[in-house]
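In: Got a predicted structure plus its sequence, pasted below:
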Amino acid sequence: MAVAQAPAAAGTVEATGDLHAVLDPLPIGIFAECSVDQLAGMDAALEVVGASLVPIGDVAAGPRPVPALLLGVAAIMRRSEDQLAELLAGTAPAPILLFPERREVAGDLAAALARLTGEGVQTGARDVVNSFRIEQHPQTGPLAGVRVDERIVRELTPFSPGPATQPVISCDGGAVVAVRNAADGRPVWMTAQPVLEGFRRGECLKYRIWGPRFLDLLPLLLFARDALGPSAWRSGPPRAALMIDDPNLRSPRYGHVDLAALTEAGRREDFHTIIAMTPLDAGKSRRAACHLMRRSADQLSLAMHGVWHTHHEFAQDVPVPDAVARLGAGTAWMQRHERRTGIPCPPVMTFPFGRASSAWLTAMRSAGLTAAIASPAFPFVEDPASVADATYELLPAEMSHQGFPILGRTFLHSRLDVLLFNAWLGRPNVVYLHHEDLAEGLEPIVEVARLLNRHVRPVWCGAQEMTDQNFQTADRHGTRAFRAFSNRISLPSEAGPTVVCKPRAYTRGEQAWLDDEALDAELHSEGLAAWLPPRPDSALVTFGPSLRPVTQQRRPRAPARARARRLATELRDQLAGRRPR
């Protein structure tokens, strides 16, 4: 494999007023003997932090400065001392990630580090491991102190950190990822595991970062965040919620869900639960349950769960105009419910049975919904692994369907480390369940809440706040940039120049508003983007074809079959909840 060659990275852009200067990916230089697929995978992964690979040409050509630099062990060992000195001088003061391009050269890591810094590390015996501890470091965040077991077994050569080296990920034999302060003052990260070894185009990168094999990708993203600093895209404070599908507010009990007990546990353990209620049930709400919901707003809130909640409602083949009309009816039901009960319900949708077709997602965008919360976040394909988008479920929301935001959610009995990786990636954590999952009591959700409170310390909130705050920020060239992963976001006050961008929003008719005023938005390679004026107060930025959700003016009525099916389901759930534990 040849050393990757490409034009040198662009220099720093000083001027504001240029969307490309603010939103274009930051160049990270690479000098390594990687496969084409491996390079493509790393480049796709860096999109998560707002960067892209720029392979550095021959060292004799004099590479330009880059904010970060990836160096392969094999490429380093093949270069003379003079060539290495020229490479390092031409890329100073960019931090370095030193990594073996493939397993066969991993044993040369210590020697490559010595050539770069003049000092090496002590390496241990090659070992077979699958259990790792993530250490305390400014970039490890909610993963710090966690032991993660991979589902594969690796052969690694751990190393012993010296006084100038800080371990970042360790196994029982020593460190496998660490950062070292070099003699010239710039940090040198090093990893014993090849980055994305064996990656093939078409893979979803999420399977290379979550617990099953996180060591393939996490070192690269840790390094990129650290090297880029405030220029990297980052989410704000982590947010979380539990979500129970199907209950209504006919009474304070629905099946095994006891709203009073849930509220008390939420106050005691500090968590929030979203009740995903079908709008068809809006007319069933009664005083006792509504009173409990109103006085427990910090612990309980509502979201929409389908409209009629028929079998695979959103997977049915329905013309888009008919789907828009039904969604408008559901929104109208919940607005009337709010006026009658005082319990708000945001225009955020969850899918019955977790499925939605492309036509229904198009209708949700056309109906002006803020976002959807679903699992999987690509609900219109049978196998999420077949999705061509390498960054699937690595960003705060899936935006691939006409820019309509779909926030992922995690089943209650999934691996708990998935929640920690979600939080590290800046993804909201929504843990969903059904009433039967509480048949033995509240302990399963209390366990999840305690885990998140211990490692993540999230802001527990309802669907409205979760979607309003679902954005990332970066500071680029004196400009504050926001990347929106919801059709409505609440931005803080800003005294200086500000840019807002909704990724992958290229659909005809997509518009943007600041409060109620239309913005002069334009298409950028990232999506729909606009400059915002300085503002002393917070403001709402709304995206989509319409400013507000579509609603039906006349009182809509569901078919008798849909109402009968929903009543039968409720009766079944209520009877199940009366059985002794």
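Out: Happy to help now that I have it.
In: and Thr341, what pLDDT?
Out: Predicted confidence (pLDDT) at Thr341: the value is 97.
In: Now name the helix or strand holding the residue lying closest to it once chain neighbours are set aside.
Out: Among residues not flanking Thr341 along the chain, Cys290 sits closest, at 4.4 Å (C-beta to C-beta, 6 or more residues apart in numbering). From N, CA and C alone the C-beta is placed, and that goes for glycine too. Following DSSP states H and E, one finds Cys290 within helix 287-294.
In: Likewise for Ala227?
Out: Per DSSP H and E: Ala227 is located in helix 218-228.
In: same check, this time on Arg201
Out: Per DSSP H and E: Arg201 is located in neither a helix nor a strand.
In: what's the helix or strand of the chain with the lowest mean pLDDT packed up against?
Out: Here the helix or strand of the chain ranked lowest by mean pLDDT, DSSP states H and E is strand 122-123, holding a mean of 82. With contacts taken as 3 or more C-beta pairs under 8 Å, 6 or more residues apart in numbering; DSSP states H and E, strand 122-123 sits against helix 109-117, strand 159-160.
In: how far is the shortest one from where the chain is centred?
Out: From the chain centre to the centre of strand 159-160 is a distance of 33 Å (C-alpha atoms, centre = their mean, to the nearest Å).
In: now do stretch 146-162
Out: 25 Å.
In: and the residue lying farthest from the centre of the chain, what is it in contact with?
Out: Most distant from the centre of the chain: Asp82, at 43.0 Å, with distances by C-alpha atoms, centre = their mean. The contact partners of Asp82, by C-beta atoms under 8 Å, 6 or more residues apart in numbering, come to none.
In: try Pro163
Out: By C-beta under 8 Å, 6+ apart, the contact list for Pro163 is empty.
In: Ala114 now?
Out: Ala114 touches Gly120, counting by C-beta under 8 Å, 6+ apart.
In: low-confidence ranges in the stretch 1-150 of the chain?
Out: By pLDDT under 70, the low-scoring segments of the stretch 1-150 of the chain are 1-17, 57-65.
In: what does the stretch 151-300 of the chain give?
Out: Applying pLDDT under 70 to the stretch 151-300 of the chain picks out residues 183-184, 211.
In: And the strands in it, which stretches?
Out: In the stretch 151-300 of the chain, the segments counted as strands under DSSP state E, counting those that start in this stretch are 159-160, 165-171, 174-181, 187-191, 234-235, 239-245, 253-254, 257-258, 273-277, 300-305.
In: so which of those comes closest to Ser366?
Out: Closest to Ser366 of the strands of the stretch 151-300 of the chain is strand 300-305 (C-beta to C-beta; 15.9 Å).
In: and Pro230, how many neighbours?
Out: 10 (other C-beta atoms under 10 Å).
In: go on, the one 10 residues further on?
Out: Other residues near Ala240 number 24, with proximity taken as other C-beta under 10 Å.
In: next one: the one 5 residues further on
Out: Using other C-beta under 10 Å, the number of residues around Asp245 comes to 23.
In: wait, doesn't it sit right on Gly354?
Out: No - Asp245 is not in contact with Gly354 according to C-beta atoms under 8 Å; the separation is 9.3 Å.
In: Compare the strands of the stretch 151-300 of the chain and give me the one nearest Trp531.
Out: Nearest of the strands of the stretch 151-300 of the chain to Trp531, taken as C-beta to C-beta: strand 234-235 at 21.1 Å.
In: now for the closest one, which elements pack on it?
Out: If you count contacts as 3+ C-beta pairs under 8 Å, 6+ apart, strand 234-235 packs onto strand 471-476.
In: The strand it packs on pairs with which strands, and in what direction?
Out: strand 234-235 (antiparallel), strand 479-484 (antiparallel) (DSSP bridges).
In: Quick one: mean pLDDT for the longest one?
Out: In this case it means strand 479-484. In this model, strand 479-484 carries a mean pLDDT of 95.
In: Buried residues, stretch 406-416. List them.
Out: Ile406, Leu407, Gly408, Arg409, Thr410, Leu412, Arg415, Leu416 (16 or more other C-beta atoms under 10 Å).
In: Buried residues in the helix holding Cys290, which are they?
Out: Within helix 287-294, the residues that qualify as buried are Ala289, Cys290, Leu292, Met293, counting by 16+ other C-beta under 10 Å.
In: what helices or strands is it leaning on?
Out: Helix 287-294 sits against helix 259-269, strand 300-305, helix 320-341, with contacts defined as 3+ C-beta pairs under 8 Å, 6+ apart.
In: Tell me which of the ones you listed sits most buried.
Out: For these, the largest average neighbour count (mean count of other C-beta atoms under 10 Å) is found in strand 300-305, namely a mean of 25.
In: any idea how far stretch 485-495 is from the chain center?
Out: Centre-to-centre, stretch 485-495 and its host chain are 17 Å apart (C-alpha atoms, centre = their mean).
In: what's the answer for stretch 106-124, then?
Out: The answer for stretch 106-124 is 35 Å, by C-alpha atoms, centre = their mean.
In: how much space between the closest residue to Arg294 other than its chain neighbours and Pro492?
Out: Distance criterion C-beta to C-beta, 6+ apart; nearest residue to Arg294, sequence neighbours excluded, is Gly342 at 5.5 Å. With the distance defined as C-beta to C-beta, to the nearest Å, Gly342 ends up 28 Å from Pro492.
In: just the helices in the protein please.
Out: Under the criterion DSSP state H, the chain carries helices at the ranges 19-23, 36-46, 73-77, 81-91, 109-117, 218-228, 259-269, 287-294, 320-341, 358-366, 417-425, 443-455, 463-468, 560-578.
In: Make a markdown table out of these and add distance to His312.
Out: Below are the helices of the chain laid out as a markdown table (distance: least, C-beta to C-beta, whole Å):
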| stretch | distance to His312 |
| --- | --- |
| helix 19-23 | 39 |
| helix 36-46 | 32 |
| helix 73-77 | 51 |
| helix 81-91 | 54 |
| helix 109-117 | 52 |
| helix 218-228 | 36 |
| helix 259-269 | 28 |
| helix 287-294 | 28 |
| helix 320-341 | 14 |
| helix 358-366 | 10 |
| helix 417-425 | 25 |
| helix 443-455 | 26 |
| helix 463-468 | 22 |
| helix 560-578 | 12 |
